[in-house]
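Undergrad: got a predicted structure here, sequence first:
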Amino acid sequence: MRRSALPLSIAIAALSVCIFLAAAPRGFSYEYYSSYGNKTLEGEVAGVSVNPAKPFVLEDAVVTVAVRNLQNHNNEYVLRTFVSKDGQVIEEKEFAFNLNANKEMSMTFAFSTTKVGKHSVVAKLYDSYKAVLYSEKILEVEVFSEIGPFDVQLDALSHTIRPGYEIPLLLTMKNMGLSGTDVQVEISMECTAQGRIHKDLSLFLEGLGRLDKSLSISACSEEGYHEIAAKIVMFDGVLAQSSTTVFINNTEYPMYVRAPKIIEARMGFPKVFDIYVRNDGEDDMNNMRALLNGLPAEWLSIMPKYVTTIAPAGSAIFIVNVSVPADADAGDYPFMISLGGDETLAQREAVLEVIEAGAPEARPAWEALPYDAGLALQAAAALALAGVIAFAVWRFSKMRPYGSRRAALEKIKDMIRANE
């Protein structure tokens, strides 16, 4: 009995394997058996659309997917749709349907967005077993907001600060909403001895706009690491925040900075000057940047944005272009020039004198020129004076032989008269 049962078991096992293989295309993942580029397509995704075309966040949008039967006979299909944001699927739908020969039909569904930005709507058309992918289309949809959301980024010009120094800060804010709005910005740092140091600003952010703002706050009097935080506040709530860390100590990094103290600029005309920095220390100065606090950011252009490394005894020059608008107010604009890197910070006070386009210069010509041109004029004057002195010495040396000959002739005349 055992011998006769063994062949029967083998036959049953073989039959099971055959049945499993025959049913495998239906049981396995469609991705494994998908046939992209199939030459005998049974159908296609004819189009994908979203209404409204520019949906707003937290509001429903309706997706319409049109499919078409490409064959001369009735077909069964499965349509799978996905809506994703940053790779994460937020809506998924599946439709099974019949479609007559050479006919087209549409399926619709709604989805609600919770984030602003680009969304992907994916439509895939399969056979009734989802084993063969006939066609697919992807539509990119931009979701908007009326006001906000917002983004803020805070960075310190130098992360090593001496106690009591002003800490130069770079603030970048974005409004991803369509409409501009006023926002409150809070900058703060906790100190042990002084308590909370803070600065509050009221700024207007354009719709779909970005605003770069330079500002500063005083450093704590005690040494150590401190965190500086920036928050965008509206309706008594924090909408966005960012922070950066600085190290406060008394170590002073040796560096030399040459910058003008007074810059005269005419309304409607650009003014260019340079800021020179030299590394007088024994270590590299890294990520050096120049920042002008106190002048409108839209007036300024500083190149380069930063210098990666300044070696010991090395130097760098930052070129500043100040473009004063034609409708600006005349007068003095005090500002602070800050040169900072990872290890060091140097600051110089300066004044931008804005004058009317047709106004006469308030100072002599050599003072109105950039400071390096003024030094050049002084050097030229010194060279001219040296030339005058050299000419006088040369003339005197030429006169000395003539005077000696004249004295000798007088002596000879005296001798002749004595002999007479």
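TA: Cool, got the structure.

Undergrad: so the residue nearest the centre of the chain, which state does it fall into?
TA: Centroid-nearest residue in the chain: residue 172, 8.3 Å away (criterion: Cα atoms, centre = their mean). At residue 172 the chain is in strand, as set by DSSP: H, G, I helix; E, B strand; the rest coil.

Undergrad: bridged to it, which residues?
TA: Residue 172 has these beta-bridge partners by DSSP bridges: residue 153, residue 212.

Undergrad: how far away is it from residue 116?
TA: Here the criterion is Cβ to Cβ, to the nearest Å. By it, residue 172 lies 18 Å from residue 116. Bear in mind the C-beta positions are built from the backbone N, C-alpha and C, glycine included.

Undergrad: doesn't residue 152 make contact with the residue nearest to the centre of the chain?
TA: Yes. If you go by Cβ atoms under 8 Å, residue 172 and residue 152 touch, sitting 7.1 Å apart.

Undergrad: which of the residues in whichever strand or helix holds residue 271 are buried?
TA: Here residue 271 sits within strand 270-279, counting by DSSP states H and E. Buried residues in strand 270-279, counted by 16 or more other Cβ atoms under 10 Å: 271, 273, 275, 277, 278, 279.

Undergrad: and what of stretch 315-324?
TA: Applying a neighbour-count criterion of 16+ other Cβ under 10 Å, one finds 316, 318, 320, 322, 324 buried in stretch 315-324.

Undergrad: can you give the contact residues for that stretch?
TA: Stretch 315-324 is contacted from outside by 263, 265-279, 288, 290, 292, 295, 299-304, 307, 310, 339, 352, 354, using Cβ atoms under 8 Å, 6 or more residues apart in numbering.

Undergrad: residue ranges with poor pLDDT in this structure?
TA: 1-40, 358-420 (pLDDT under 70).

Undergrad: could you chop it up by domain?
TA: Domains of the chain are assigned by automatic domain parsing as 27-143, 150-248, 255-362, 380-420.

Undergrad: parallel or antiparallel, list what pairs with the strand or helix carrying residue 62.
TA: Assigned by DSSP H and E, residue 62 belongs to strand 60-69. Its sheet considered, strand 60-69 pairs with strand 43-51 (antiparallel), strand 104-112 (antiparallel) by DSSP bridges.

Undergrad: elements contacting the helix or strand just after the strand holding residue 271?
TA: Sequence-wise, the next helix or strand downstream of strand 270-279 (DSSP H and E) is strand 285-293. With contacts taken as 3 or more Cβ pairs under 8 Å, 6 or more residues apart in numbering; DSSP states H and E, strand 285-293 sits against strand 166-175, strand 209-218, strand 270-279, strand 300-303, strand 307-310, strand 315-323, strand 331-340.

Undergrad: one more time with 7 Å, if that's ok
TA: The contact analysis (3 or more Cβ pairs under 7 Å, 6 or more residues apart in numbering; DSSP states H and E) places strand 285-293 against strand 209-218, strand 270-279, strand 307-310, strand 331-340.

Undergrad: residues in contact with it?
TA: For strand 285-293, contacts defined as Cβ atoms under 7 Å, 6 or more residues apart in numbering pick out 157, 168, 214-216, 255, 275, 277, 279, 300, 302, 305-310, 316, 318, 335-344.

Undergrad: ok, it: who's next to it in the sheet?
TA: strand 307-310 (antiparallel), strand 331-340 (antiparallel).
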